[in-house]
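> Okay, here's the prediction I keep looking at, along with the sequence it came from:
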Amino acid sequence: MEHHQFYEVLPDGRYKFRVDHHTLDDHNKCERYFNFRHVPDSLGLVWATKGVSLKVALGSWWSSTMESFYHEMQFGAVPDDATTARIAVDAWRENKIDDYKNLEPDVFDKFGGVDGAMLMALEYKQAFGQAHFQQWQIIGAELGFGWKDELKLGEDDKVVVYYGGKPDLVVLDRAQNMIMPLDFKTKDSVPSNAATKYKPHPQTAGYIFAVRKMLEQIQDDQIDSSHNDAELHLNLKAIAKMPKAPTKCVVMVCARFRPTDKPRSGIRAPRFLPVYPNYDASEIEEWRNIVIEKCRRLRDSIERSVWVPREGDSSCHLYYTGCPFRRVCSVPANIRESVLKADFVKIEPWRPYTPEED
Ligand code: SF4
């Protein structure tokens, strides 16, 4: 199975899937949307909108900035202000954000351009730099997993499912001796429901499942490497000191636009809000079974080549601009292909990472 494929038919007739949060979420949102975005044509390409919005680009810039910021911490110190600002500017250039200045001037100006970028990074450092340096050991940033089939989620008589992803950070919380995945979410402002928005949430459950499973695999390998009772005893002692498997993860909700210093309510909204969704083992197991069930449905869609559109407010008109394929779905079926060819482009399908990045 090539890394760009998300499924293949096994010799025993079952479907082998490689899924991550985004592919499953898109199938949930609308099967037709999933077909456009994820089911490759004969050249292995899928449909996508032309260009990326500045808001999406700012999310990528912020992830790059945070990756470098926490990477600096791995060298043994909180980055100073000059380093933090430089990290923000370097990521700004790498992500070519200035290219959006004329394309989306309102959003660009509201964010504040490169000065706004430096300010956001410095505000984050001031809010969390020292605390996270003391609380956390940074295990890794942008660690991709699962696309080499190293994380089997489960199987039944219809499907064999592997799970993948790429959390922004994986940290060891020293006080709890617990490894936790962390993801940054950039929004215009921190939503009022941020504290409850990420549970239930398939991405947070998936990351906890993945880190738990990888920790278990390390422990199993250590036990298997024991050649005699003495070695086994030593290995079990070492395992007892290992970090606990996660029961929670961190979602760091970040506002793109700086909250006003003088709100009418008198209470300044936060620019950053850490949220800690937690799941017990039964909830993770329930999530795992749901993913297998979703993959069975996905197999059914592929086999019958039926992609049911989910027309309505919850999919077509969701968020500010709605589904990008509305202009395709709002015309008769016989001219949809023409609209796709005129207004969209073919690209490589989404994958959380390519194994070559390892
Ligand atoms: S416009 Fe609606 S029906 Fe069409 S792909 Fe988007 S969500 Fe699905």
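Good, I have the coordinates.
> Name the residues that touch stretch 200-215?
20-21, 24-25, 145-146, 151, 153, 163, 165, 167, 170, 179-181, 183, 198, 242-243, 245-249, 251, 277, 279, 283-284, 287-288, 291 (C-beta atoms under 8 Å, 6 or more residues apart in numbering). From N, CA and C alone the C-beta is placed, and that goes for glycine too.
> what sits against the residue of the stretch 1-150 of the chain at minimum distance from the ligand?
Of all residues in the stretch 1-150 of the chain, the one sitting closest to the ligand is residue 30 (3.3 Å; C-beta to the nearest ligand atom). Residue 30 sits next to 309-310, 315-316, 323 when contact means C-beta under 8 Å, 6+ apart.
> Please write out the alpha-carbon positions of stretch 325-336 in CSV.
Provided in CSV are the C-alpha atoms of stretch 325-336 (Å, rounded to 0.1, in the frame of the first residue of the first chain):
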residue,chain,number,x,y,z
PHE,A,325,-18.4,22.7,-3.0
ARG,A,326,-21.8,24.4,-2.7
ARG,A,327,-21.4,25.9,-6.1
VAL,A,328,-20.9,22.4,-7.5
CYS,A,329,-23.8,20.8,-5.6
SER,A,330,-26.2,23.6,-6.4
VAL,A,331,-26.2,22.9,-10.2
PRO,A,332,-27.7,19.9,-12.0
ALA,A,333,-25.7,16.7,-11.9
ASN,A,334,-24.8,16.8,-15.7
ILE,A,335,-22.8,20.1,-15.3
ARG,A,336,-21.1,19.5,-12.0
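> Contacts (any at all) between the ligand and it?
Yes - using C-beta under 6 Å from any ligand atom, we find that stretch 325-336 touches the ligand at 325-326, 329.
> Pull out the buried residues from that stretch.
325, 328-329, 336 (16 or more other C-beta atoms under 10 Å).
> Out of these, name the ones that lie in helices.
Among the buried residues of stretch 325-336, the members found in helices (DSSP state H) are 328-329, 336.
> Would you mind giving those residues as TSV with pLDDT added?
Output for those, formatted as TSV (pLDDT from 0 to 100):
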residue	pLDDT
328	95
329	94
336	96
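> Name the nearest of those relative to residue 352.
The nearest member of these to residue 352, counting by C-beta to C-beta, is residue 328 at 26.1 Å.
> Next up, the contacts around the closest one.
Taking C-beta under 8 Å, 6+ apart, one finds 36, 336, 339-340, 343-344 in contact with residue 328.
> Ok, residue 179 next?
By C-beta under 8 Å, 6+ apart, residue 179 lies in contact with 139, 170-173, 211, 215, 243-246.
> Tell me the buried residues within these.
139, 170-173, 211, 215, 243, 245-246.
> and residue 202, how many neighbours?
17 (other C-beta atoms under 10 Å).
> Also residue 116?
Per other C-beta under 10 Å, the neighbour tally for residue 116 reads 19.
> wait, what's in contact with it?
The neighbourhood of residue 116, defined by C-beta under 8 Å, 6+ apart, consists of residue 258.
> likewise the one 3 residues further on?
By C-beta under 8 Å, 6+ apart, residue 119 lies in contact with 112, 258.
> On the three-state scheme, residue 170 is what?
Three-state call for residue 170 (DSSP: H, G, I helix; E, B strand; the rest coil): strand.
> Now the residue lying closest to residue 310 once chain neighbours are set aside, what are its backbone angles?
Spatial nearest neighbour of residue 310, chain neighbours left out: residue 30 (4.1 Å); criterion: C-beta to C-beta, 6 or more residues apart in numbering. Here is the backbone geometry of residue 30 (degrees, to the nearest 10): phi -170, psi 120.
> any idea how far residue 164 is from residue 30?
Per C-beta to C-beta, to the nearest Å, residue 30 is found 22 Å from residue 164.
> again with residue 111
As defined by C-beta to C-beta, residue 111 lies at a distance of 31 Å from residue 164.
> same question, residue 346
Distance from residue 346 to residue 164, counting by C-beta to C-beta: 23 Å.
> burial count for the residue nearest to residue 111 when sequence neighbours are not counted?
Leaving aside its chain neighbours, residue 111 sits nearest to residue 256 (6.0 Å; criterion: C-beta to C-beta, 6+ apart). Using other C-beta under 10 Å, residue 256 has 21 neighbouring residues.
> Residue 303: which element?
helix 281-304 (DSSP states H and E).
> Check which residues of that helix are buried.
With burial defined by 16+ other C-beta under 10 Å, the residues of helix 281-304 counted as buried are 283-284, 287-288, 291-292, 294-296, 298-299, 301-302.
> so what does that helix touch, helix or strand wise?
Helices and strands touching helix 281-304, by 3 or more C-beta pairs under 8 Å, 6 or more residues apart in numbering; DSSP states H and E, are strand 7-9, strand 15-19, helix 21-29, helix 31-38, strand 152-155, strand 159-163, helix 202-224.
> chain center to the longest one: distance?
Centre-to-centre, helix 202-224 and its host chain are 17 Å apart (C-alpha atoms, centre = their mean, to the nearest Å).
> cool, stretch 332-339 as well?
Stretch 332-339 has its C-alpha centroid displaced from the chain centroid by 32 Å (C-alpha atoms, centre = their mean).
> Could you list the residues in contact with that stretch?
Contact partners of stretch 332-339, identified using C-beta under 8 Å, 6+ apart, comprise 327-329, 331.
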